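Trainee: Okay, structure incoming, though there's no sequence with it:
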């Protein structure tokens, strides 16, 4: 799939918006992911912005390339994104 994909997930703090933009490098297709994670700052809703690379694995799932440098709340989105991509 070589079109941008927009996903939204519910969380206790609000809606998490994800935009996956396809990138083709030689024969490999992967996604540049921008995540807007809801946050409350001084009584105002402000999204935290995270940008990561999402790659496919041989089992049909997806994983964030960034490894251990990722926040657990963002890492938890891996499974949700894989399920949503499988449903497309």
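Mentor: That came in fine, so what should we check first? Keep in mind that what you see is a predicted model, and the values were worked out from it rather than measured.
Trainee: quick one: contacts of the worst-scoring helix or strand of the chain on mean pLDDT?
Mentor: Scoring the helices and strands of the chain by mean pLDDT, DSSP states H and E places strand 40-41 at the bottom, with a mean of 86. Here strand 40-41 makes contact (Cβ atoms under 8 Å, 6 or more residues apart in numbering) with 13, 46. The way it works is simple: take the backbone N, C-alpha and C, and place the C-beta from them, glycine included.
Trainee: any idea what sits nearest residue 15, other than its immediate chain neighbours?
Mentor: Of all residues not flanking residue 15 in the chain, residue 8 sits nearest, at 5.4 Å (Cβ to Cβ, 6 or more residues apart in numbering).
Trainee: Please name every helix or strand in contact with the lengthiest helix in the chain.
Mentor: Assignment by DSSP state H gives helix 77-87 as the longest helix of the chain. Counting contacts by 3 or more Cβ pairs under 8 Å, 6 or more residues apart in numbering; DSSP states H and E, helix 77-87 packs against strand 5-11, strand 14-25, strand 62-64.
Trainee: Please identify the deepest-packed of these.
Mentor: Most buried of the helices and strands packed on helix 77-87, by mean neighbour count (mean count of other Cβ atoms under 10 Å): strand 62-64, with a mean of 18.
Trainee: partners of it, with directions?
Mentor: Looking at strand 62-64 with DSSP bridges, its partner strands are strand 48-56 (antiparallel).
Trainee: Report the distance from the partner strand to the chain centre.
Mentor: Put simply, strand 48-56 sits 5 Å off its chain's centre (Cα atoms, centre = their mean, to the nearest Å).
Trainee: again, but for stretch 81-88
Mentor: On Cα atoms, centre = their mean, the centre of stretch 81-88 falls 11 Å from that of its chain.
Trainee: next one: stretch 77-88
Mentor: Put simply, stretch 77-88 sits 9 Å off its chain's centre (Cα atoms, centre = their mean).
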